[in-house]
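**Q** take this sequence and fold it.
(2 chains)
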Amino acid sequence: MSRSQIEVTKDLTIPKLFLQQCRKYGKNKVAMREKEFGIWRPYTWQDYYDNVKHLSLGMMEMGLKRGDKVSMIGDNRPEGLWAEMAALCAGGIAVWLFQESMMDEVKYIIDHSDTKFFVGEGQEEVDKALSIKDACPKLQKIIWDDPKGMRNYHQDFLISMHELQQIGKEVDHRDPGLFEKTIEEGHGDDICLLFYTSGTTSLPKGALLSHWNMLTMGKNLMAVDPCYDTDDFVSYLPFAWIGEQMMSISCGLQIGYTLNFPEEPETAQENIREIGPHVMFAPPRLYEGLTRKVQVKHIDSTWIKRKIYEFGTRIGYQVANLKFEKKDVPPHMAFLKFLAYWLMQKKLKDHLGMSRLRHAYTGGAAMGPDHFRFFHALGVNLKQIYGQTEIAGISIVHRDGDVKFDTVGTPIPETEVRISEDGEILSKSPSVFQGYYKNDKATEETLVDGWLYSGDKGFIDEDGHLVVFDRSKDVMTLRDGRPFSPQYLETRLKFSPFISEAWVIGDKRDYITAVMCIDYAVTGKWADDKKLNYTSYQELSQKPEVYDLVQSQIEEANKDLPDVARIHKFVNLYKVFDADDEELTRTSKLRRAFVEKRYQDIVQALYGDGDVVHMDTTITYEDGREQRIKTDLHIRKVTV
Amino acid sequence: MAQARAVDYGETLLELENVHMYFGKVAALAGVDLEVKKGEIHSIIGPNGAGKTVMMNCINGLYQPQKGTIRYKGEVINHLKPHLRANLGISRTFQKIELFGGMTVLDNIRLGRHIHLKSGIFSGSFYVGKTREEELKNRQFIEEEIIDLLEIESIRDKTVHMLPYGLQKRVELGRALALEPELLLLDEPLAGLNLEEVEDMARFILDINEEKRWRITCILVEHDMGVVMDISSKVFVLNFGNKIMDGTPAEVQANPEVIKAYLGEEDLYSTRR
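**A** The predicted structure follows:
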């Protein structure tokens, strides 16, 4: 076990660090594993080096120049990371797309970023690239790695990763020092990533991050929570999310821990359990999913198991509360905690793949206090991370022993955070980005004298912790004039396993209302047990019994709130909010302005006298087919 | 968006000559001739009760026709039982799923591998030497060639009866492939699937037909005309035990008799497009 001894200087780049680590570990240490054909297959640092080197030389031979953009799309797999590292080693800039991006998103980003090379996993990704190629004249080569289904693709701008590596091998033979020489030419101030933020209001903006930005961020996070090169990390969240870049590239390379790639996205949870990672970072959505899973399994299990679980969680919550209050655990509680651990927590943590977890982070969106406390009650050291893509992902984190469930923690080293006069969170650190690509206006608005304007409202509490209230533009004004965060209420509602999404409305209105999306699987199971018949989500969501159920969940969330902040009316939506319908961003944040426009009839009805709203809309499927939906949604009043 | 496929059809693989099959006095097949060349996807279409499944059953040996000859690679196979025909390289899937519901996906597929296993009970209990080698080789085949191809990694260890219908269909194809057949009979592989599943299944059929690794000749019984016309090299039209015609999809679509007998009933057998 060794801590990283890396010194981050202005001269250091990610490729230089990559080279150092490959030389240090070589064939003696596993750099990454991938589960393939049912078996975990290891790649040593030497394999990592060889693959990246040949790919990188191949790209250079194909005409990749310093500063050229290489876009990548695909699931998490070693080849994706190799392609990114190869592009960086050749002096290129990496751009990642979300795997499920729709055609216009792909087209916008490829075109706007001036992408020269496109690296896709297989046929699906190549098809996406082919269909936009004519509209993106700067795109020169399309590289793919999975041969499945590719037998009839013969266009000359297509090339397989294998072929490209063969070309790279020849180049290496001809000019042996070229790879190292190209890496040496890089400088810490060079741009390494062009990262598109999924805006909640407008088109994505491309944030430019330098090697220095990324490396200092990793260094400062690791200074707070050290990791070791014997650790395991599971890489399964999209590389297009800054958090994954942070853990896999920046921290991963500095520490040298082993990256593990799941077999398929669907097997990720199972594969995480097999690996038992030491550290994980995921958006709240994922933890919410795990919570729901536990809650549902609890409902389904036998009497004795339920009782043991209830005993374990009760003790867990008591211990967690003492921890939050920074009080010592008295001996009798310590004994009960020990019992709870052996009876319940140990087993449950194993099922969730959290047995060996030292630090779990959540970030990227707000996490409700209920979820947060749930994991602490299980004995998981969950901490909040706050940051933006524009600050390479992180500026604030909880410290061990100083975790508060309603704050996001304190700044990492070399980072200053202050609150502007109108309550906006500002931050400054070596990791603050270089500006938006081809968008000077947005850069000027966001970056003033080295301070990053987050657009989030918040304050610093008496312990120096930052509390994030909400996005400035989302903060609502209640009827008594007080500001209120809809997100806070939404996260509370989502603690119910029956609710997958919620949208709280009520800015400058007489009362607060909500649009609810039930969780199809859980509510469906509940309906099955009650012998309720339904054929679709739409039908299930409108059942009076389901309304009763949702109402009880809302009343539960209403309990601790002041009168003016309580939900008075709600409606069950006929579908779940979806990123493909532009209702959510790719990182699953609600796009309020968009849904407000799209569902204006519902909003009107919620503030009218009627108790039914007629919906008549057309939905478009991914393959372009359209379906007209005509339905009546019921509006329900909640007893406040 | 692949470029057009070019297939060179080789020699005759399967030949039906004047095949008659009676149930009592009902003629399910009344003198049917069919020639399937190596590398083809040869579809059989016709209204319900036309005798399509009977034809499949005659080919794989579940039924023995009263009259006529069935030749596989030039040899007459009329007298052979289904398991012997399986040894020759003829495999099939069923219209109604015939999997072992209580077993896992992997076990069902392994079962299809049975004919390729040579080791006996004794050596099997010790897992040494050749048995071990054989096990590893077959495991590799199932994982790399079948599970990866059909994208069923996430359900590998699930019991079959717990799976949705569309996935069960996929598992059945997997089991048929485990045999490493040269000729695969697919009896309504798309029935009951949703649009996405149909597209996936059609892609798998094309994959096993075109991919160098497989190059399986397929006989496909299917009602989904959109898919049949898209992926078939030849279409055989059957109507109440009689052959109406056998030709390329374009020829079949242009034939007035076919339209009258089958395609005309568009409403009854509506396609998904």
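**Q** contact partners for B:Lys234?
**A** Neighbour list for B:Lys234: B:40-43, B:246-249 [criterion: Cβ atoms under 8 Å, 6 or more residues apart in numbering or on different chains]. Every residue, glycine included, has its C-beta placed from N, CA and C.
**Q** any chance of those in a markdown table, with secondary structure, distance to chain A and neighbour count too?
**A** Formatted as a markdown table, the contacts of B:Lys234 follow (DSSP: H, G, I helix; E, B strand; the rest coil; distance: Cβ to the nearest Cβ, whole Å; neighbours: other Cβ atoms under 10 Å in any protein chain shown):
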| residue | secondary structure | distance to chain A | neighbour count |
| --- | --- | --- | --- |
| B:Glu40 | coil | 17 | 22 |
| B:Ile41 | strand | 15 | 24 |
| B:His42 | strand | 21 | 21 |
| B:Ser43 | strand | 21 | 25 |
| B:Asp246 | strand | 26 | 19 |
| B:Gly247 | strand | 24 | 15 |
| B:Thr248 | coil | 19 | 13 |
| B:Pro249 | helix | 18 | 17 |
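**Q** can you add pLDDT and distance to B:Val105 and give those residues back as CSV?
**A** Below are these laid out as CSV (pLDDT from 0 to 100; distance: Cβ to Cβ, whole Å):
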residue, pLDDT, distance to B:Val105
B:Glu40, 94, 29
B:Ile41, 95, 26
B:His42, 96, 29
B:Ser43, 95, 28
B:Asp246, 93, 37
B:Gly247, 93, 39
B:Thr248, 93, 37
B:Pro249, 92, 34
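**Q** which single one of those is nearest to B:Gly68?
**A** Of all those, B:Gly68 sits closest to B:Asp246, with 15.9 Å by Cβ to Cβ.
**Q** any idea how far the closest residue to A:Thr44 other than its chain neighbours lies from chain B?
**A** Spatial nearest neighbour of A:Thr44, chain neighbours left out: A:Lys27 (5.0 Å); criterion: Cβ to Cβ, 6 or more residues apart in numbering or on different chains. Taking Cβ to the nearest Cβ, to the nearest Å as the measure, A:Lys27 falls 25 Å from chain B.
**Q** that's a strand at A:Asp470, yeah?
**A** Yes - under DSSP: H, G, I helix; E, B strand; the rest coil, A:Asp470 falls within a strand.
**Q** do I have it right that it meets A:Thr491?
**A** No - in this structure A:Asp470 lies outside contact range of A:Thr491 using Cβ atoms under 8 Å: 10.6 Å.
**Q** identify the contacts common to those two.
**A** In contact with both A:Asp470 and A:Thr491: A:Ala366, using Cβ under 8 Å, 6+ apart.
**Q** okay, those two: which has more neighbours?
**A** Shown here are A:Asp470 and A:Thr491; by other Cβ atoms under 10 Å in any protein chain shown, A:Thr491 has more neighbours (22 against 19).
**Q** other residues contacting stretch A:597-604?
**A** Here stretch A:597-604 has contacts from A:505, A:513, A:515, A:571, A:573, A:583, A:596, A:613-615, A:633, using Cβ under 8 Å, 6+ apart.
**Q** switch to 6 Å and redo it
**A** A:505, A:571, A:613 (Cβ atoms under 6 Å, 6 or more residues apart in numbering or on different chains).
**Q** so where do the strands sit in the stretch 201-350 of chain A?
**A** Remark: strands assigned in the stretch 201-350 of chain A by DSSP state E, counting those that start in this stretch are A:205-210, A:232-234, A:258-261, A:279-282.
**Q** before we move on, the earlier item: with neighbour count, pLDDT and distance to chain B as extra columns, can I get the contacts of stretch A:597-604 in a markdown table?
**A** Output for these, formatted as a markdown table (neighbours: other Cβ atoms under 10 Å in any protein chain shown; pLDDT from 0 to 100; distance: Cβ to the nearest Cβ, whole Å):
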| residue | neighbour count | pLDDT | distance to chain B |
| --- | --- | --- | --- |
| A:Ile505 | 23 | 94 | 34 |
| A:Val571 | 26 | 95 | 29 |
| A:Val613 | 19 | 89 | 30 |
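**Q** among these, which lie within strands?
**A** A:505, A:571, A:613 (DSSP state E).
**Q** just to revisit the earlier point, what's the closest of the strands of the stretch 201-350 of chain A to chain B?
**A** strand A:258-261 (12.8 Å; Cβ to the nearest Cβ).
**Q** does that closest one reach chain B?
**A** No - applying Cβ under 6 Å from any Cβ of the partner chain, one finds strand A:258-261 separated from chain B by no less than 12.8 Å.
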